[in-house]
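Asker: structure, please.
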Amino acid sequence: MKRVMVLWDGAADEPQEALGNKTPLEAADIVQLHRLAKEGTLGWTRTILEGLPVQPEVAAMETFGYDSQLFYTGRGAFRALGADVPLGLRDVAFTLAFLATDGEKITETEVELSHDELRALMELLQEKLGDNRFRFVPLKAQRHVLLWHEGFSQLHCEPPDELKGEPITQHLPKGDNEGVIQQLIYDALELLEKHEINRKRVDEGKPPANLIWLYEPGVMPKLPSLRLVAGMIRADAVTDHIPMRGLCIAAGIRPHRPPTVDLDNLSEGYERLANFVNDLIPDTDLLIVHIREADKASHSRDPELKVFTLQRFAEIFLPRLLDAVQVYDDVRVLLICTHKSNSATGKHVQGEVPFLFLPRKGASKADEFHEEAAKTVGVKVDRACELARWLLDIQTPISLC
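Answerer: Next up, the predicted model:
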């Protein structure tokens with residue numbers, strides 16, 4: 001058997017004025033996907049349930065078949081697991097970001113630092129503030145991890161995205177043992193303000209990285225192994241997204257880091273990715289492929305670029321993938337948009353999304369692949385976890401029982 005799940009990160013969208021009030025999927029020339037919509041089953045489903053953050057790993061957990069409201073334990077934990085950071089059963093993992101402040105208000109929420117600057121600041125924090133309770137873990141990214149041993153995860157921690165110009169004190173973490181985390185933030189501020197990196201940045205007219213922001217607290221997830229639930233299958237995933245890798249590790253799925261796909265050279269990038277993915281197919285039963293370029297284009301607030309990424313995916317990567325699996329007798333393919341990403345605002349958006357299942361399952365009248373077609377003539381599936389039953393013949397949602 002061969003099962004393929006393609007997680008099309010942020011491909012769904014809302015109508016954009018720049019595209020004549022069409023969504024990027026409606027505006028894109030994706031005849032390959034329109035043809036597949038006629039051959040298979042186009043549908044409309046929820047990947048993000050009420051109360052959960054609109055993030056790709058949350059959507060993926062639900063699509064894998066899990067009860068995401070039961071098993072999602074906070075993004076910090078999945079970030080730690082995905083970066084191969086050991087996470088104890090009594091640890092709380094936070095996402096750590098560097099912001100800028102004038103001492104009272106948050107003056108910048110996106111402080112771009114070099115790898116050397118980031119490592120130096122994280123090493124300073126670990127040296128001065130790290131102890132048997134706190135561990136500062138630098139990642140090869142702009143977001144990092146703070147581990148709080150025997151900490152408290154019942155904290156309300158605001159993400160930094162909308163906090164520019166806001167007073168620090170009004171948005172600090174609130175809840176169990178809030179004073180400990182708040183004091184840590186202020187202790188870090190005192191250290192970072194004096195560091196030569198930040199003094200130099202201020203002299204150069206750049207925002208200092210003098211405020212750590214701790215959010216997305218999470219504890220070790222306890223997911224039943226998907227490969228066991230599905231009957232001792234071999235399951236592999238291709239993703240370079242750190243929290244998504246963490247989800248795969250927690251679910252017993254072997255993650256693989258793909259070759260880089262550059263938005264400036266999508267054709268070559270998708271060719272390399274197709275070669276990489278197709279080499280994995282013979283040795284696995286379930287292959288999960290995470291495609292991120294549409295979401296990246298959305299975060300760039302560029303609807304036209306998003307259209308271009310959708311077209312290149314449909315023209316180059318998808319046909320190569322389908323050609324590689326069609327030689328097998330028992331093949332099922334699920335292509336699903338993880339969530340909506342608004343390409344005008346750059347933000348993730350709550351809402352139902354389209355999916356495509358091959359071979360056809362039940363009646364389907366669709367002849368195009370996009371949000372409106374899925375909503376009006378597609379098959380309605382209440383929760384994406386039900387699609388794991390279609391793909392893997394398992395009982396869903398997967399729960400603790």
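
Asker: spell out the residue ranges of the helices in the stretch 151-300 of the chain.
Answerer: Secondary structure of the stretch 151-300 of the chain (DSSP state H, counting those that start in this stretch): helices at 178-194, 196-203, 226-229, 242-250, 266-280, 293-299.

Asker: which of these is buried the deepest?
Answerer: helix 242-250 (a mean of 25; mean count of other CB atoms under 10 Å). Where you see a C-beta, it was placed from the backbone N, CA and C, and this is true even at glycine.

Asker: ok, now how distant is the spatially closest residue to residue 26 that is not a sequence neighbour from residue 158?
Answerer: Counting by CB to CB, 6 or more residues apart in numbering, residue 370 is the residue found nearest to residue 26 once chain neighbours are left out, at 4.6 Å. To residue 158, residue 370 is 34 Å away according to CB to CB, to the nearest Å.

Asker: ok, now residue 49?
Answerer: 21 Å.

Asker: follow-up on the earlier one: neighbour count: residue 370 and residue 158, which is higher?
Answerer: residue 370 (26 against 15; other CB atoms under 10 Å).

Asker: now do the contacts for the more buried one.
Answerer: Contacts here follow CB atoms under 8 Å, 6 or more residues apart in numbering; on that basis residue 370 touches 23, 25, 26, 354.

Asker: hey, what's the last one bridged with?
Answerer: Just to be clear, that refers to residue 354. Taking DSSP bridges, one obtains residue 44 as the residues bridged to residue 354.

Asker: my guess is it contacts residue 337. True?
Answerer: Yes. Using CB atoms under 8 Å, residue 354 is in contact with residue 337, at 5.7 Å.

Asker: next up, phi/psi of the spatially most central residue of the chain, please.
Answerer: Residue closest to the mean C-alpha point of the chain, counted by CA atoms, centre = their mean, is residue 56 at 3.4 Å. Dihedral pair for residue 56: phi -60, psi -30, per degrees, to the nearest 10.

Asker: without its sequence neighbours, what residue ends up closest to it?
Answerer: residue 338 (4.5 Å).

Asker: residues near the one you found, how many?
Answerer: 31.

Asker: so what's it up against?
Answerer: 7, 8, 9, 10, 11, 47, 56, 59, 60, 63, 295, 353.

Asker: highest neighbour count among the residues you listed?
Answerer: residue 11 (34 neighbours).

Asker: hmm, that one is touching residue 337, no?
Answerer: Yes. Residue 11 lies in contact with residue 337 (CB under 8 Å); the separation is 4.5 Å.

Asker: so the residue nearest to the centre of the chain is in contact with residue 8, correct?
Answerer: No. Counting by CB under 8 Å, residue 56 does not reach residue 8; the two are 9.8 Å apart.

Asker: residue 140 reaches residue 119, doesn't it?
Answerer: No. Between residue 140 and residue 119 there is no contact under CB under 8 Å: 9.4 Å.
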